[in-house]
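Trainee: no sequence on hand, only this structure:
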Ligand code: SF4
Ligand code: SF4
Ligand code: SF4
C-alpha cells in the first residue's frame, strides 16, 4: 500500500510554524516519515507537486483575494485540509491589523504604497475554503500536529481540545502565575500545548486563541482586579492572538 501524500503550504505568515515543524529531531517525527510521503514543504525541500494529495497542511492567513484560487486548488487536490498555526486557524496575530487604520505608513514608511503590501482583512483560511481540522498555536504545537496526522493515517478522529490551559497547568502542578503576583490568560486559552509557559514562569498569552465559549468579561475583570491592569491594557492583552475571535464574541 502506498504511503499517504502530505504537503505543506504557506500563505500570509512568518513561516514560523513550518520552521517549528522542521525543528523535531526526535524519534516520533522520524517514525511518522516511515508512514507518510512528504511531497511539498517549501522550508525543507525544493520539490513541489500539482498532483492529488491526501493531507494538506496550510499555514498563514487569507489576506488577499488573489490567494483564493491557490487555496481552492489545494482544496480540490487534498482529501483532508488542516489549518495549522494560529494565522491559518483564526487569523492569529495578523488579525491585529484589522483593528488599525494607519499600520502601513507606521511599519513601512515611504514604501507603504508598494503594490505587494496591499491586502484585505487578515482572515482564517476557512473564510475561503472548507477546513477539516485546526491545529492552534503561535507557533502550533508540533506534537499536536504529529498526533493529528498520526490519527488520520490510522483512520481515527483527531481530538482538538476545547478546555482551558489551566487544566493542563494544574495537571503539571505548576504554581499559578496569579499566586506569584503575575497575570495569565490560561483561564480562557485553548489547551493542547501542555501549558509550557506557566511552567517556565511566564504567563499564558493565549497564543492558541480562546476556547469556543470564553468568558471574556471575566478574563478582563481578573486582569484588572487581580493583576492590576488598566482596562485599556486588559483589552489589548485579550486581543493579542484573538482579534478575530473577539470581533465575533465581544
Ligand atoms: S501562527 Fe505564529 S509562528 Fe505560525 S506562522 Fe503565524 S505568526 Fe508565525
Ligand atoms: S498559571 Fe495561568 S494557566 Fe496556570 S492555573 Fe494559573 S491562570 Fe491557569
Ligand atoms: S501556555 Fe498559553 S501562550 Fe504558552 S503555548 Fe500554551 S496557549 Fe500558548
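Mentor: Ah, there it is. What you see is a predicted model, and the numbers here were worked out from it, not measured in a lab. Residues are numbered from 1 along each chain as shown. Ligands and ions are numbered 1, 2, ... in the order given.
Trainee: and the chain, what are its domains?
Mentor: Per the record's domain assignment (automatic domain parsing), the chain is made up of the domains 5-153, 165-248.
Trainee: any chance of these in TSV, with mean neighbour count, distance to ligand 1 and mean pLDDT too?
Mentor: Where you see a C-beta, it was placed from the backbone N, CA and C, and this is true even at glycine. Written out in TSV, the entries for the domains of the chain read as follows (neighbours: other C-beta atoms under 10 Å; distance: least, C-beta to the nearest ligand atom, whole Å; pLDDT from 0 to 100):
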stretch	mean neighbour count	distance to ligand 1	mean pLDDT
domain 5-153	18	3	93
domain 165-248	18	7	93
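Trainee: start and end of stretch 189-208, how far apart?
Mentor: Using C-alpha to C-alpha, to the nearest Å, the gap from the first to the last residue of stretch 189-208 comes to 7 Å.
Trainee: hang on, the earlier thing: in JSON lines, list the domains of the chain along with distance to residue 159.
Mentor: Supplementary listing: the domains of the chain in JSON lines, determined by distance: least, C-beta to C-beta, whole Å:
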{"stretch": "domain 5-153", "distance to residue 159": "8"}
{"stretch": "domain 165-248", "distance to residue 159": "9"}
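Trainee: for ligand 2, find the nearest of those domains.
Mentor: Using C-beta to the nearest ligand atom as the measure, domain 165-248 is the one of these that comes nearest ligand 2, at 2.2 Å.
Trainee: now residue 55: phi and psi?
Mentor: Its backbone dihedrals place residue 55 at phi -130, psi 120, with angles given as degrees, to the nearest 10.
Trainee: these two touch, right, it and residue 152?
Mentor: Yes - look at residue 55 against residue 152 with C-beta atoms under 8 Å: they come within range, at 6.2 Å.
Trainee: tell me who's in contact with the nearest residue to residue 207 once chain neighbours are set aside.
Mentor: Sequence neighbours aside, residue 138 is the residue nearest to residue 207 in space, at 4.1 Å (criterion: C-beta to C-beta, 6 or more residues apart in numbering). Residue 138 makes contact with 16, 85, 86, 87, 92, 93, 207, 208, 241 under the criterion C-beta atoms under 8 Å, 6 or more residues apart in numbering.
Trainee: so where does residue 160 fall, helix or strand?
Mentor: Assigning secondary structure by DSSP states H and E places residue 160 outside every helix and strand.
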